[in-house]
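Q: make a model of this:
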Amino acid sequence: MKKRPFISIYLLIFVVAGYVQAGEEYAAKLKKFEDYVTRQMKESQTPGLAIGFMKDDYVWVKGFGYADLENQLPTRENSSYRLGSVTKPMTATAVLQLVESGKINLDAEVQTYVSYFPKKPWPITVRELLGHLGGISHYKNYDLEGHIKEHKTTREAIAIFENFDLVAQPGTKFSYSSYGYNLLGAVIEGASGESYGQYMQDHIWNQAGMNDTHMDDPSQIIANRVRGYRLVDGKVKNSEAIDISSRFAAGGTRSTIPDLLKFAKALIDGKLLSPASFDSMSTSMVTKDGRLTDYGMGWDTEGINGHFEISHSGGQQETRTILYIFPTMHFAVAAATNYEDGTPNLFARRLYETITGETFRPEFYSNQQTAKLMNQAIQSIFNDGASYFDKYRKAFTTNERENAEAFAYFQKIIATKETAKQIENGRHPNTGQPFVKMGSYMTSRVENKSADGLDLFNDYIALYHRDSKIPKQYRFSSSFEKQLQQWKSSWDKTNIAEIRDLNLTPQPEIEAAGVLLKRTFAGASVYPDLSQSLSEEVRQLSAAGQMDKAAKVAEYSVDVYPESDRAQTTLAVIRVMQANESDAITRLKKASALNPDGSASAENLNSIAYELNEMNRTKEALNLLRIAENLYPKSASLYDSAGELYLKLEQKDKAIESFKKALELDPNLENSKKMLEKLTGQ
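A: Next up is the predicted model:
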């Protein structure tokens, strides 16, 4: 009996020593990261940021900047932020707990638990709501629905959307919906007999040790509550004061970075859900026509760099948030800012790279379309296949015929060059998921985790040259092997630390970075595609009113990535903001030709127009929509959006004209119908 305290003391010493050792291991890396955060926040005018990571039992969290600018109160580790849509994974966890206790049937109609919700033309199940497949509308009129200042009960919150038409037949289309998650909050109440907030407190937050997580309530005293900010005409202003109880189960909570990391650890350690439920939650749902949605039950499920990963972001007045969880790595990263125009995901990704030494999500670029598409296929095979193997520690199938067919699918892409559509289809269930089968098989055979797609393919080729037992149909042609070696050589020469660590925000570094990119990538057949990061830099700079810097970064991006639809679209938007419409049109036409479903698609241009409108650049948003209407004259949603913006500018006649055009193209467009009735009385 007397030996037990003696053993416990040594165990405690061992644990503490390991904790200190981990801290020392990360110290130098984190100093460099902290310098990056400080510089980036200054340039982007970000008032405050809290960020941290959890690795095994080690936790690091730090606050930067201010929680309250007016009173110069610094951000603390436990500063309390609105979570926005990071609430959704918690709601999904609660639903699955009630499934485990037999109180909810995932395939039951929602009215089983929420009797007052009106029946729709098709039944809507709890499962479909969890995956945004229920056909429930998102916000229809954000100018009204996004600015509610009165407290709403659950019944009042549901009443906001209960009579909205479905946007699609349930199960047929992924359509992100905060209202769908509010409906799940009502399901939790109906099934448990408790209020949503009480259930979450007792069964989720308390169970995970999340003592600083609450329903957001402006009337309550909440310790370490941050003040929220937004950009108005390039200047930081206070956020609009709203009551978010109308978004209760979709985005009505408040928490801290330490608590988000506790939530991640509780899920990883199985404290909240059984392994089977967590597996269901973290697996992408599938539409009725066999397409992955890349969203499970409350989580994005795309995987990152060949790792099994789940994540969710959030954004609303006062806040932007992000949570990444890597279950098999026992690793999570979380970030929150009190800045509506902030990009916590950029800081979270850089922290991931700092701690792991990996590129967050490597992308390959080539000016040669075939090489570009083939490398997209290679990276898809790697990410989907390796992340599957990482999650289940086995290949998708051991059936030799199925694996042979998967390799044959890829060989056909090589032989026929019919890559674009086949690449898109190669990961989906309606084609048998050949990319997942192929990638998971290759990953299961190589000894160590590969860094990226080219690395996996080269490791696998080296393996089968050593192992004659690997069947011929699981191998590639000598010409493809040679091409792959050329791409790998080019990639290794260009994917260097100096490029990965670029910070393009400070003015002196923009010029130097442009020179470095051009020099490093000159003559390369394949090199890192940084256009996503560059586009995010451009967005942040333009939102801050630093148009000269934004234009310079966008121009460098096009110089380095001339065949990138993303780079061309980003510069086109800047040209719209600079009133250079002719160049904007030229670039959007090229971007659309490069990828009709990409950055210059009607849907994406519509989204960008709304972002411009939120930046108080309504006139520029309208100009972008006019250009988009010429590119996509049959897109009803573009005219519907234009009508909303004309109305904001008090141009009633033009608004009516736009809504009429939208209905001419799509007679079932509900918003245009209602707006016309309101404007014309007809």
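
Q: now do the buried residues in stretch 575-584.
A: 575-577, 580, 584 (16 or more other CB atoms under 10 Å). C-beta coordinates here come from the backbone N, C-alpha and C atoms, glycine included.

Q: quick check: domain ranges of the chain?
A: When the chain is parsed with automatic domain parsing, its domains come out as 82-356, 364-494, 510-632.

Q: the buried residues of stretch 575-584 in strands, which ones?
A: Using DSSP state E to define strands, no part of the buried residues of stretch 575-584 is located there.

Q: in a markdown table, list those residues along with distance to residue 202 and pLDDT.
A: Listed next are the buried residues of stretch 575-584 as a markdown table, based on distance: CB to CB, whole Å; pLDDT from 0 to 100:
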| residue | distance to residue 202 | pLDDT |
| --- | --- | --- |
| 575 | 54 | 97 |
| 576 | 51 | 96 |
| 577 | 50 | 96 |
| 580 | 58 | 96 |
| 584 | 54 | 97 |
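
Q: partners of the lengthiest strand in the chain in the sheet?
A: Counting by DSSP E, the longest strand found in the chain is strand 58-68. Its sheet considered, strand 58-68 pairs with strand 48-55 (antiparallel), strand 73-74 (antiparallel) by DSSP bridges.

Q: which residues in the stretch 451-600 of the chain form strands?
A: For the stretch 451-600 of the chain, strands defined by DSSP state E, counting those that start in this stretch occupy the ranges 527-528.

Q: likewise for the stretch 251-400 of the chain?
A: Counting by DSSP E, counting those that start in this stretch, one finds strands in the stretch 251-400 of the chain at the ranges 253-255, 310-316, 319-326, 331-337, 364-365.

Q: mind putting those strands in a markdown table, mean neighbour count, mean pLDDT and distance to residue 107 included?
A: Below are the strands of the stretch 251-400 of the chain laid out as a markdown table (neighbours: other CB atoms under 10 Å; pLDDT from 0 to 100; distance: least, CB to CB, whole Å):
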| stretch | mean neighbour count | mean pLDDT | distance to residue 107 |
| --- | --- | --- | --- |
| strand 253-255 | 26 | 98 | 27 |
| strand 310-316 | 22 | 97 | 23 |
| strand 319-326 | 26 | 99 | 27 |
| strand 331-337 | 29 | 99 | 31 |
| strand 364-365 | 22 | 93 | 41 |
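
Q: how about the domains of the chain, which one is nearest residue 641?
A: When the domains of the chain are compared by CB to CB, domain 510-632 sits nearest residue 641, at 5.4 Å.

Q: end to end on that closest one, go ahead and measure it.
A: From its first residue to its last, domain 510-632 covers 35 Å (CA to CA, to the nearest Å).

Q: likewise stretch 158-166?
A: 14 Å.

Q: who's in contact with it?
A: By CB atoms under 8 Å, 6 or more residues apart in numbering, the residues outside stretch 158-166 that reach it are 114, 116-118, 120-122, 124, 134-137, 140, 145, 152, 179, 182-183, 186, 246, 670.

Q: at 6 Å what do you get?
A: Stretch 158-166 has contacts (CB atoms under 6 Å, 6 or more residues apart in numbering) with 117-118, 120, 135, 137, 179, 186, 670.

Q: so where's the stretch 451-600 of the chain shaky on pLDDT?
A: Where the stretch 451-600 of the chain drops to pLDDT under 70, the residues are 503-508.

Q: all helices for it, in order.
A: Secondary structure of the stretch 451-600 of the chain (DSSP state H, counting those that start in this stretch): helices located at 453-466, 478-494, 497-500, 507-521, 531-543, 547-560, 565-577, 581-594.

Q: nearest to residue 52, of the strands of the stretch 251-400 of the chain?
A: That would be strand 331-337 among those, by CB to CB, at 6.0 Å.

Q: for residue 121, which non-adjacent residue is spatially closest?
A: Leaving aside its sequence neighbours, residue 121 sits nearest to residue 166 (CB to CB, 6 or more residues apart in numbering; 6.8 Å).

Q: ok, residue 172 next?
A: That would be residue 288: by CB to CB, 6+ apart, it lies 5.3 Å from residue 172.

Q: mind checking pLDDT for residue 436?
A: Note for residue 436: predicted pLDDT of 98.

Q: could you do residue 345 as well?
A: Predicted confidence (pLDDT) for residue 345: 94.

Q: count of neighbours near the nearest residue to residue 540 once chain neighbours are set aside?
A: The spatially closest residue to residue 540, leaving aside those adjacent along the chain, is residue 44, at 4.9 Å (CB to CB, 6+ apart). If you count neighbours by other CB atoms under 10 Å, residue 44 ends up with 21.

Q: same deal with the one 4 residues further on?
A: Counted with other CB under 10 Å, the burial measure for residue 48 works out to 27 neighbours.

Q: and the helix or strand where residue 624 lies, what does it pack against?
A: According to DSSP states H and E, residue 624 maps onto helix 618-631. The criterion is 3 or more CB pairs under 6 Å, 6 or more residues apart in numbering; DSSP states H and E, and the helices and strands that helix 618-631 contacts are helix 565-577, helix 602-614, helix 636-648.

Q: am I right that residue 116 is in a strand?
A: No - membership of residue 116 in a strand is not supported by DSSP: H, G, I helix; E, B strand; the rest coil, which gives coil.
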